[in-house]
Structures are given as C-alpha cells and as structure tokens.
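Participant: Just to be clear, the model below is a prediction. Sequence and coordinates:
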Amino acid sequence: QVQLVESGGGLVQAGGSLRLSCAASGPTSSTYSTYFMGWFRQAPGKEREFVAQITWGGSSTYYADSVKGRFTISRDNAKNTVYLQMNSLKPEDTAVYYCASRRPGQTSYDYWGQGTQVTVSS
C-alpha cells in the first residue's frame with residue numbers, strides 16, 4: 001500500500017511560482033526509487049490531464065506541451081518525495097494537482113494522492 005500526500009498548493013498571481021511536493025509513505029526508499037512518479041491536474045469542468053512524469057532514477061522526464069519550459073519535475077528518493085516546480089504560472093494552470101505512482105510492471109498509475117488546489121489569478 002502506498003499513501004501519497006501533496007502539499008504546496010495555494011493562490012498565486014499570474015507570472016508567479018509555486019512548488020508542489022508529494023510525500024510517499026508505505027514503501028521503503030529503495031522500493032520507492034523503482035516507481036515512476038507523475039503529476040496530473042484537473043480543472044473545473046474538465047477531465048484530469050497529464051502534467052509531468054519522472055522515471056525511477058530521475059534520469060528521464062516528460063511534460064505536457066502546455067507546461068513544457070515552465071514546470072520542472074524532480075524527485076528525492078531518500079525522502080520518498082517528488083516535486084513540481086511551477087514557474088510563469090498562468091490562469092489556465094488553475095486546477096487541483098494530483099501526484100501518482102506507478103509501480104514496476106504496472107501499465108498505469110495505480111496510487112493517487114488526494115490533490116492540492118492551485119489557483120492562479122490574472
């Protein structure tokens with residue numbers, strides 16, 4: 001069982017920055033380090049969408065086109081934590097942000113956090 005808890009959301013003006021964190025409990029650090037970790041978001045009235053992903057060792061990252069160049073995903077396996085640094089925020093980035101984990105052998109993300117609200121004012 002994996003529990004994911006996001007933090008760091010809030011209200012920020014357009015052009016500002018926020019850093020989201022997602023701490024995982026349950027797996028050991030060595031086990032956690034084998035997981036792919038991702039960030040997703042869901043805006044009001046819209047479906048949840050992919051934001052960013054980082055591989056188990058952190059050597060590869062992937063981003064949605066809408067955030068490429070503005071957001072950075074990173075991880076600290078010793079702390080069982082994944083981060084999302086969000087810069088140059090836009091009102092359209094307003095959403096609930098979720099982190100998720102994908103264990104080895106799984107084809108989709110199988111554990112999800114409860115989400116943290118990010119609101120960007122214009």
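Facilitator: Good, I have the coordinates. Residues are numbered from 1 along each chain as shown.

Participant: send the alpha carbons of stretch 102-111 over as CSV?
Facilitator: Below are the C-alpha coordinates for stretch 102-111, written out as CSV (Å, rounded to 0.1, in the frame of the first residue of the first chain):
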residue,chain,number,x,y,z
ARG,A,102,3.3,3.6,-11.0
ARG,A,103,5.0,0.5,-9.7
PRO,A,104,7.2,-1.7,-11.8
GLY,A,105,5.2,-3.9,-14.1
GLN,A,106,2.1,-1.7,-14.0
THR,A,107,0.9,-0.1,-17.2
SER,A,108,-0.9,2.7,-15.5
TYR,A,109,-0.6,4.8,-12.4
ASP,A,110,-2.1,2.8,-9.5
TYR,A,111,-1.8,5.0,-6.4
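
Participant: Please point out which parts of that stretch sit buried.
Facilitator: Across stretch 102-111, burial judged by 16 or more other CB atoms under 10 Å covers 102-103, 109, 111. All C-beta atoms are positioned from the backbone trio N, CA, C, and that covers glycine.

Participant: need the strands for this protein, in chain order.
Facilitator: Remark: strands assigned in the chain by DSSP state E are 3-7, 10-13, 18-25, 36-42, 49-54, 61-63, 71-76, 81-86, 95-102, 111-112, 116-121.

Participant: bridging residues for the residue nearest the centre of the chain?
Facilitator: The chain has W39 as the residue nearest its centroid, 2.7 Å off, counting by CA atoms, centre = their mean. Legend: beta-bridge partners of W39 under DSSP bridges are A52, C99.

Participant: Now for this structure, the helix or strand with the poorest mean pLDDT.
Facilitator: Least confident helix or strand, the chain: helix 29-32 with a mean of 81, by mean pLDDT, DSSP states H and E.

Participant: in it, what's buried?
Facilitator: Neighbour count says helix 29-32 has Y32 buried, by 16+ other CB under 10 Å.
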